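Asks: Sequence first, then the predicted structure:
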Amino acid sequence: MTQRSKGSGVSAGRKFDRRDFLKMSGAGLAGAALLGSTACGGGGGSGSGDLIFAMGADTSGTLPDLIDKFNKQSEGFKVTYREMPTDSGAYFDKLRTQFQAGGGDIDVIGADVIWPAQFAANGWLLDVTDRFPKSDQSQFLPGPINSLMYDGKIYGVPWFTDAGLLYYRADLLEKSGYSEPPKTWDEMQEMAVKVAQDQNIANGFVFQGDQYEGGVCNGLEYIWTNGGDVLDPGDPNKVIIDSPEAAAGLAIEQGIVEDGVAPQAVATYTETETDPAFLGNKAVFARNWPYMYALAGTSDFPDVKPEQIGVAPLPVTQGNSLASTLGGWNMLINAQTDMPDEAWEFVQFMTSEQGQRQRAIAASLLPTRPTLYQDQEIRETIPVIVQGEEALKNARSRPVSPYYSDMSLEMQEQFNGVVKGD
Ligand code: GLC
């Protein structure tokens, strides 16, 4: 039983949840029960109060804009944005703590694609299977939809998608006589060293090697592009990350740092350190997600303009298939919300064609609706969609498992060790 309303005796903007209920006693409890029965009688989401939406800080500034837009047209309730850590793992920990303590007060969650299985297994998410039937699901890319499935039910709506990409300085490559980006890791290293030397650039390559979720995404890309995997595709209970292929992949990642193609500092790099390195004219190549493209030439990163940048699929080791880590973010609803209808209305707005279009154009956040990939304006504004198409098609999921967060912690430590030369 939850209570949220203005003038209910509960401080404005704060929900009265089960935890509060348990903490109370005596007269307080009686009073609360009275309040609770009035509120529950009116049904969840009586139309008063705020809906709380959580998401990591948004560098593009498009998020507050969109929420404002929603609030202007919404009747009876407003959405408040609660800023969460940008680091996926730190954000996850915060949510898990709140869920374990009884649900917390967040209604709608902007969530990494690796979370739904674990949250759903614990009963923390609203099952939206009835609101989001197969016929509507088919209007979204299958990868992000799969990330939302647990036990035959769906627990949210895909918002934007991600895949690891190879960014390169097309202008510098050309000056050094290269007309195409590299296809193999060997070629990439050779080109990186030569172009950095020729054009007096500090680093050949930068990527995310820190001990965190992004480090897992990078490490897996070396494993996959060398023919390895984490779990056996034929038997997902079998861990095969100790295969010679996986080891060979991680050896490439290690070699890139050992040979000085990437600086040793990448062992502490996340996305946040990658942006100024590549867009600050300090690297020939970078591995990053699509969002970095929109930052080129902005006031924070004026040194490198979008037209100097090319995007390609990540290199592979000769004879292996293309692979990138599938990233991205979904919109989930807290199972404990007392405003499920309002929450759903907001989720639909954010994931609509219009909502996704705005974020694609302004922030180079890739849509989860395939129809938007044909949109002329999007294709022209963010060529990442065109140049990165092959990478997107070959994006692979991290293991979908209720135990993923534990698997990830282990990989974070091991992969960071690889980058540090252990
Ligand atoms: C991006 C991806 C997300 C991934 C994270 C790692 O935000 O979309 O899936 O976990 O990067 O840093």
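Replies: Structure's in. What do you need?

Asks: Just list the residues touching W124, thanks.
Replies: Remark: with contacts taken as CB atoms under 8 Å, 6 or more residues apart in numbering, W124 is in contact with 99, 103, 334-336. Just so you know, the C-beta spots here come from the backbone N, C-alpha and C atoms, and that holds for glycine as well.

Asks: and the end-to-end length of stretch 52-72?
Replies: End-to-end distance for stretch 52-72: 16 Å, by CA to CA, to the nearest Å.

Asks: same check, this time on stretch 142-155
Replies: Counting by CA to CA, the terminal residues of stretch 142-155 are separated by 14 Å.

Asks: sorry, back to before: among the contacts of W124, which are in helices?
Replies: Judged by DSSP state H, helices contain the following of the contacts of W124: F99.

Asks: out of the contacts of W124, which is most surrounded?
Replies: Across the contacts of W124, neighbour numbers were computed from other CB atoms under 10 Å; N334 holds the maximum, 25 neighbours.

Asks: Roughly how far does it sit from A117?
Replies: Computed as CB to CB, to the nearest Å, the N334 to A117 distance reads 16 Å.

Asks: shouldn't W159 be in contact with F346?
Replies: No. Distance between W159 and F346: 11.6 Å, which falls outside the contact criterion (CB atoms under 8 Å).

Asks: Which pLDDT value belongs to the residue lying closest to W224 once chain neighbours are set aside?
Replies: Nearest residue to W224 in three dimensions, chain neighbours excluded: A323, at 3.6 Å (CB to CB, 6 or more residues apart in numbering). Residue-level confidence at A323 comes out at 98, pLDDT.

Asks: need the contact list for A323.
Replies: A323 touches 221, 224-225, 314, 316, 394-396, counting by CB under 8 Å, 6+ apart.

Asks: mind listing what Y178 touches?
Replies: Contacts for Y178 (CB under 8 Å, 6+ apart) come out as 191, 195.

Asks: which bits of the stretch 101-250 of the chain sit near the ligand?
Replies: Residues of the stretch 101-250 of the chain lying near the ligand by CB under 6 Å from any ligand atom: 112-114, 162, 213-214, 217.

Asks: What is the three-state secondary structure of the residue in the stretch 51-200 of the chain positioned nearest to the ligand?
Replies: The ligand sits closest to D162 of the stretch 51-200 of the chain, with a gap of 3.6 Å, by CB to the nearest ligand atom. When the structure is reduced to helix, strand and coil (DSSP: H, G, I helix; E, B strand; the rest coil), D162 reads as strand.

Asks: Could you double-check that it lies in contact with M292?
Replies: No. Using CB under 8 Å, D162 and M292 do not qualify as a contacting pair, with a distance of 10.9 Å.

Asks: residue boundaries of the helices in the stretch 151-300 of the chain?
Replies: Listed in chain order, the helices of the stretch 151-300 of the chain (DSSP state H, counting those that start in this stretch) span 170-175, 185-198, 213-224, 244-258, 271-279, 292-295.

Asks: residues of the first one that come out buried?
Replies: Burial within helix 170-175, assessed by neighbour count using 16 or more other CB atoms under 10 Å, is assigned to 170, 172-173.

Asks: do the longest one as well
Replies: Within helix 244-258, the residues that qualify as buried are 245-246, 249-250, 252-254, 256-257, counting by 16+ other CB under 10 Å.

Asks: Same list, those, but as TSV with pLDDT please.
Replies: Compiled in TSV, these are given as follows (pLDDT from 0 to 100):
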residue	pLDDT
E245	97
A246	98
G249	98
L250	98
I252	98
E253	98
Q254	98
I256	98
V257	98
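
Asks: Show me what from the stretch 251-400 of the chain comes close to the ligand.
Replies: Proximity of the stretch 251-400 of the chain to the ligand is confined to 271, 289, 327-329 under the rule CB under 6 Å from any ligand atom.

Asks: tell me which of these is nearest to the ligand?
Replies: Nearest member of these to the ligand, counting by CB to the nearest ligand atom, is G327, at 2.7 Å.

Asks: so that closest one touches W289, yeah?
Replies: Yes. Under the contact definition of CB under 8 Å, G327 touches W289, with a separation of 6.1 Å.

Asks: Please name the nearest non-neighbouring residue to N71.
Replies: Ranked by CB to CB, 6+ apart and with sequence neighbours excluded, the top spatial neighbour of N71 is K78, at 4.9 Å.

Asks: Quick check: pLDDT value at that neighbour.
Replies: 97.

Asks: Residue ranges in the chain under the pLDDT threshold?
Replies: By pLDDT under 70, the low-scoring segments of the chain are 1-48.

Asks: who's in contact with the residue most central in space within it?
Replies: With distances taken as CA atoms, centre = their mean, the residue of the chain nearest its centroid is G328 (3.7 Å). Residues counted as contacts of G328 (CB under 8 Å, 6+ apart) are 112-113, 143-144, 147, 158-162, 366, 368.

Asks: how close does the residue nearest to W224 sit to E245?
Replies: Applying CB to CB, the value for A323 to E245 is 12 Å.

Asks: Tell me how many other residues surround A101.
Replies: In terms of burial, A101 registers 11 neighbours under the definition other CB under 10 Å.

Asks: I misspoke; the intended subject was E377.
Replies: Other residues near E377 come to 11 when the count uses other CB under 10 Å.

Asks: element containing it, please.
Replies: In this structure, E377 is located in helix 376-381 according to DSSP states H and E.

Asks: what comes up buried for that helix?
Replies: Applying a neighbour-count criterion of 16+ other CB under 10 Å, one finds 378, 381 buried in helix 376-381.

Asks: chain center to that helix: distance?
Replies: Between the centre of helix 376-381 and the centre of its chain there are 22 Å (CA atoms, centre = their mean, to the nearest Å).
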